[in-house]
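Asks: give me the fold of what follows.
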Amino acid sequence: MSKKIAVIEDDADLFALLKYNLSREGFTIVGAQTGRGAADLCRREKPDLVLLDIMLPDADGLEICKSIRSQAELAHVPVIFLTARASETDRIVGLELGANDYIVKPFFVRELVARIKIQFRGQASAAKLLRAGTLELDRSSCEVRLDGSPLTLTATEFRLLEFLMSRPGVVFSREQLLDSVWGHDRAVTDRTVDVYILRLRQKIEADPANPALIRSVRGFGYSFQNTARPVEESEPQPPVSAALVETA
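Replies: The predicted structure is shown next:
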């Protein structure tokens, strides 16, 4: 399956040039020539990489990048800025906001293609086996083992654990976890996330009251630590009601 690239570029000639050349390289191209709705386009199309112009007439490319980085389902997607801003300060700001690369116009298309391929070369194919200490999650068999022994997880518990383990160190809000694990069409609340986190901790943590794998981030949400270590500051978990827990 070819990689999908989202091109957000207002210059019609450059947009057409990029679409032509990248298509010849075997990439699938989606995109827009305006900034408004660019983040929604990326969320809908789920591209493997985003080429983003900073100086758009109706939006700020930097803000679009921040929006992309704030969405759980897009946080891992490489973003390459295309811009006429060439100063060192502009480059630093762009990279600090989450861009993976920064290309100044005018540029050679062959160089752009090479940089895109570098980004894809750095992306390992989705590992079938995720590990954190003695915890193992096998995507192919949908099994989870702790110290070599299988754990019994519901389908939702498995999806939540897989999502967190595949993005170690990234902090996700409850709303982001609901959207990514339960989906947009759901009849559950953010308290449901707390219920499932508690259940997972009881199954995978050596000491669920002092979790070392699934970390609470005060006032925001949760993060998975790929190396077990004590948590310096964890958010106290309120009592949960069994009525919030689904069975699948």
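
Asks: so what's the residue nearest to L146 when sequence neighbours are not counted bridging to?
Replies: Spatial nearest neighbour of L146, chain neighbours left out: L135 (5.4 Å); criterion: CB to CB, 6 or more residues apart in numbering. (C-beta placed from N, C-alpha, C; glycine too.) On the basis of DSSP bridges, L135 is bridged to A132, L146.

Asks: count of neighbours near L135?
Replies: 20 (other CB atoms under 10 Å).

Asks: residue contacts, it?
Replies: 144-146, 165, 204, 213 (CB atoms under 8 Å, 6 or more residues apart in numbering).

Asks: need the max-distance pair from these.
Replies: Taking CB to CB, the two most distant members of the contacts of L135 are R145 and L213; they sit 14.2 Å apart.

Asks: neighbour-wise, which of these two wins?
Replies: L213 (24 against 15).

Asks: list the helices and strands the least confident helix or strand in the chain by mean pLDDT packs on?
Replies: Within the chain, no helix or strand scores below helix 88-96, which has a mean of 76 by mean pLDDT, DSSP states H and E. Using 3 or more CB pairs under 8 Å, 6 or more residues apart in numbering; DSSP states H and E, the elements in contact with helix 88-96 are helix 61-70, strand 79-83, strand 101-104.

Asks: which one of the ones you listed lies closest to Y20?
Replies: strand 79-83 (15.6 Å).

Asks: got the contact list for the closest one?
Replies: 9, 49-55, 61, 65, 68-69, 90, 94, 98-105, 107, 112, 115-116, 119.

Asks: one more pass at 7 Å, please.
Replies: 9, 49-55, 61, 65, 68, 94, 98-105, 115-116 (CB atoms under 7 Å, 6 or more residues apart in numbering).

Asks: need the buried ones from those selected in PyMOL.
Replies: Listed next is the PyMOL selection for buried residues among the contacts of strand 79-83, using 16 or more other CB atoms under 10 Å:
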select buried, resi 9+49+50+51+52+53+54+55+61+65+68+94+98+99+100+101+102+103+115+116
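
Asks: could you give the angle of the least confident helix or strand of the chain to strand 79-83?
Replies: Here helix 88-96 runs at 160 degrees with respect to strand 79-83, directions being taken by axes from the mean of the first three to the mean of the last three CA atoms, to 10 degrees.

Asks: quick one: buried residues of helix 88-96?
Replies: Across helix 88-96, burial judged by 16+ other CB under 10 Å covers 90-91, 93-94.

Asks: understood, closing this out.
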